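# Predicted model, plus sequence, below.
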Amino acid sequence: MSALVFDSNVYRNLFRELDFEEARDLGTKLSKKQSEQGDTSYAQLYVVCELLSHLADTSDPAFGDCRHAILGLWNHCLQESKEMMRFIPDPELQFAKEFYGEIDDQYGALYNNVMYLCKEVNERGESDELTDIRGNLSEVSRAIEMSEANFVDDVLRQVVNHTDPNASNWQIFEDDEEAKSEILSFLNSEDSDVIIGISNALRFRDAAGVGEESPDEIRAKGKYLAENYKVPMKMYKEILKRIVETGCDLTKKNRANWLWDMQISFFLGPNNHVQGEHLVLVTDDGDILDAADEAGASNYVMELSHYRSSVGV
């Protein structure tokens, strides 16, 4: 028995060639097939937000694909009540609650808005241009843009500028190959996992909205994350290595999307469960597949072609 989660590109690829009714029907069919095999489908908040963000503007080239993807997603992850989708928690929610017993109210509001929008998109006909919910869709789009901008700013400020105060934009130790080599050696060591874990623990503390902690307390949380959530640690390290090696600029198109890949990957591995079921991510994303393989979690990812075969689609 597994809890199955799709990334946004899998939803787009599964439903883009279908019309409205076919997209709805396929979502329901996939849910039923999985149930017969003992598997349950769950939505992931940022996957849904990414798809919805393309519906705020009818001139968006991805508008049609993402609208069909939302139709399929809603019916794929619909609870028995037919009123709500099943969600896995996002990392900020899970760890803010686990570490601090606190949850920022903005997350609850975002979930409610997302649920409302998915239901509305599903219930309207193809000719409806979603004009009266454009404001809600724009809110989701802004939330996505703000999260991506914060991620880029955090990496630039906490990693690039902290590592090399003289860095020119994203170029770390541009004229010092020895220093660059030392940083790369550190990133290939287990010690760096704890540092990256601490960086994420600080992010979760911000989501909980609590005050300062002692260095020992935050380090213990970072160590816990490093030991139990190896896939996102591997992905974060890969991002940092690319920055060091090539001056990879996260402000360039689609690179901030690594944030969403990391969010999804937090739930991959033998220690992670959703309602008692191991989570399996269906994705064709090479970075996630590689990170899962390196972290010994390849059993918890599945390529779309494999999924299609398993459900006979």
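Perfect, I can see it now. Just so we're clear, the structure is a prediction, and the values are computed from it rather than from any experiment. Numbers count the residues shown, from 1 in each chain.
# can you tell me how far residue 275 sits from residue 114?
20 Å (Cβ to Cβ, to the nearest Å). All C-beta spots, glycine's among them, are computed from the backbone N, C-alpha and C.
# would you list every one of the helices in the stretch 201-313 of the chain?
Counting by DSSP state H, counting those that start in this stretch, the segments of the stretch 201-313 of the chain that form helices are 215-228, 230-246, 258-265, 286-294, 304-311.
# Dump the ones you listed into TSV; add distance to residue 194 as well.
Putting the helices of the stretch 201-313 of the chain into TSV (distance: least, Cβ to Cβ, whole Å) gives the following:
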stretch	distance to residue 194
helix 215-228	5
helix 230-246	9
helix 258-265	17
helix 286-294	17
helix 304-311	34
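# most packed of those helices?
Compared across the helices of the stretch 201-313 of the chain, helix 258-265 shows the largest average neighbour count, a mean of 24 (mean count of other Cβ atoms under 10 Å).
# picking that back up, where among the helices of the stretch 201-313 of the chain is the average confidence lowest?
Set side by side, the helices of the stretch 201-313 of the chain give their lowest mean pLDDT on helix 258-265, at a mean of 72.
# follow-up on the earlier one: of the helices of the stretch 201-313 of the chain, give the one that comes closest to residue 10.
Between residue 10 and the helices of the stretch 201-313 of the chain, the shortest gap by Cβ to Cβ is with helix 304-311, which sits at 5.3 Å.
# Show me the contact partners of the closest one.
Defining contact as Cβ atoms under 8 Å, 6 or more residues apart in numbering, one finds that helix 304-311 is touched by 4, 10, 13, 14, 30, 33, 34, 37, 282, 283, 284, 302.
# hmm, which of those residues are the buried ones?
For the contacts of helix 304-311, a burial check counting by 16 or more other Cβ atoms under 10 Å picks out 4, 10, 13, 14, 30, 34, 282, 283, 284, 302.
# So which of those residues sit within strands?
Within the buried ones among the contacts of helix 304-311, residues falling in strands by DSSP state E are 4, 282, 302.
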